[in-house]
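1. quick one, structure for this:
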Amino acid sequence: MSIEKTKLPQEIEKRIRNRKEEMDKTIQPIEILIDLVGKGELDPWNLDIIAVADKFLSRVEAIEKEDLRVSANTLLCASILLRKKSDSLIREEFDEVDEEEDIGDNEEHVVEEDWTPEPYDMSKKTPELRFPARRKSKRSPTLVELIEELQNAINKKERKKERTKLKKEKRNRNEDTVKNLAHEENIEEKIDEMRDVLRQKFRNKSRVNFRDLVHLWTRSEVVSQFIPLIFLSHRGRINLEQNEFFGEIIIKPGLKDV
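-> Okay, the predicted model is just below:
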C-alpha cells in the first residue's frame, strides 16, 4: 500500500534546499531519504530500518548505473544503515529465542508443580552469573531522528578530516621551520663540528648521551645541538635511541663511519 505524501518539518525542507544548491551532480544521502519518502516508499513517522537500508542501497546502485557521482557521505550513510539493519535482524532473532524460552519455562512450571528442592551440594562449581541483556527500544525511528543520526556521523567524519588536515599543515610548518633554521645557521658547518666531537668521544666509549653534548641547557642550545644529530642519523652516520618518552637520548655509531 502506497504511503501518502507527508509534509516535512520546515527545518528539514530548508536543509534540503540548501544542500541542493551545493550538490551539482553529486547525490547526497539526505536527498535520497527525502526522495524515498516523497514517493511514498517510506513512512517518515514510522521507519522500518530494514526497508530503509534495502531501498537506500537499491537507490545508490541505480545512481551508479546512471554514471552519477556518489558522495563519500552517501557511502558512509549506506554503511551505517547496513549496520543498523544487521543489528535489527539480530535483535529480532534474539526476541524469537526469548519468546520460545519463556514458553518453555511456563510449560516446565506447569508440569513440575510438585517439585521439591534438594539440598545444595557445596562441592559443585558455582554457576556463572550472567547480566540481563540490554534491550533497546522497539519503537521505530522517525525520519527526523534518522537524519539527525546520519548528519552527526557525517559531521564527526568531517571534524576528523579537518583535524588530520591541521596536523599535516602543522607538520609541514615544523619541517619548513627546521629547514629555514638549518639554512640560516649554515647547517653543514654544524654537522662537521658535531662529527668531530662524536669521533673523539667514540674513541673511548661506544655510546654517548645527548645531555653530555649540551653545555648550557637552554632551548636554543638544545635545538642547536640536536639538529646536526638528526642529519647525521638520516645519513647513517649515527643511531639515535630513546627508551622512554622524554628520557635520555643515546647516540651510537651508525653503519657508516662518523
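
2. residue 201 contacts residue 208, correct?
-> Yes: judged on Cβ atoms under 8 Å, residue 201 makes contact with residue 208 at a distance of 4.9 Å. For the C-beta atoms, the positions are set from N, CA and C on the backbone; glycine is no exception.

3. okay, those two: which has more neighbours?
-> Using other Cβ atoms under 10 Å as the criterion, residue 201 and residue 208 rank with residue 208 on top: 21 against 16.

4. any idea of the mean pLDDT for stretch 54-68?
-> Averaged across stretch 54-68, pLDDT comes to 82.

5. now stretch 246-258
-> The model assigns stretch 246-258 a mean pLDDT of 86.

6. and that stretch, C-alpha only, in PDB?
-> The C-alpha coordinates for stretch 246-258 follow below in PDB (Å, rounded to 0.1, in the frame of the first residue of the first chain):
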ATOM      1  CA  PHE A 246      61.300  12.500  27.500                       C
ATOM      2  CA  GLY A 247      64.100  10.100  28.500                       C
ATOM      3  CA  GLU A 248      67.800  10.400  27.700                       C
ATOM      4  CA  ILE A 249      68.700  10.300  24.000                       C
ATOM      5  CA  ILE A 250      71.500   7.800  23.400                       C
ATOM      6  CA  ILE A 251      73.900   8.200  20.400                       C
ATOM      7  CA  LYS A 252      75.700   5.200  18.900                       C
ATOM      8  CA  PRO A 253      77.900   4.800  15.800                       C
ATOM      9  CA  GLY A 254      75.900   4.100  12.600                       C
ATOM     10  CA  LEU A 255      76.700   1.700   9.700                       C
ATOM     11  CA  LYS A 256      78.800   4.300   8.100                       C
ATOM     12  CA  ASP A 257      81.900   5.900   9.700                       C
ATOM     13  CA  VAL A 258      81.200   9.100  11.600                       C
END
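
7. just use 56 as the starting number from now, easier for me
-> Noted, 56 is the first residue going forward, which turns the last one into stretch 301-313.

8. any chance you could list what contacts the host helix or strand of residue 244?
-> Using DSSP states H and E, residue 244 maps to helix 242-257. Residues outside helix 242-257 that contact it (Cβ atoms under 8 Å, 6 or more residues apart in numbering) are 263, 267-268, 279-280, 282-284, 286-287, 292-293, 306, 308, 313.

9. can I get it in CSV? Just the C-alpha atoms.
-> Presented in CSV, the C-alpha positions along helix 242-257 are these (Å, rounded to 0.1, in the frame of the first residue of the first chain):
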residue,chain,number,x,y,z
ILE,A,242,74.0,23.5,9.0
GLU,A,243,76.8,21.8,7.2
GLU,A,244,79.4,23.5,9.4
LYS,A,245,77.4,22.5,12.4
ILE,A,246,77.3,18.9,11.2
ASP,A,247,81.1,18.8,10.6
GLU,A,248,81.6,20.2,14.1
MET,A,249,79.4,17.5,15.6
ARG,A,250,81.1,14.7,13.7
ASP,A,251,84.4,15.8,15.1
VAL,A,252,83.0,15.9,18.7
LEU,A,253,81.5,12.4,18.3
ARG,A,254,84.6,10.9,16.8
GLN,A,255,86.6,12.0,19.8
LYS,A,256,84.0,10.5,22.2
PHE,A,257,83.6,7.2,20.4
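
10. quick one: average confidence on it?
-> pLDDT averaged over helix 242-257 gives 90.

11. same deal with stretch 275-291?
-> Mean predicted confidence for stretch 275-291 is 90.

12. again, but for stretch 145-159
-> Per-residue scores along stretch 145-159 average to 63.
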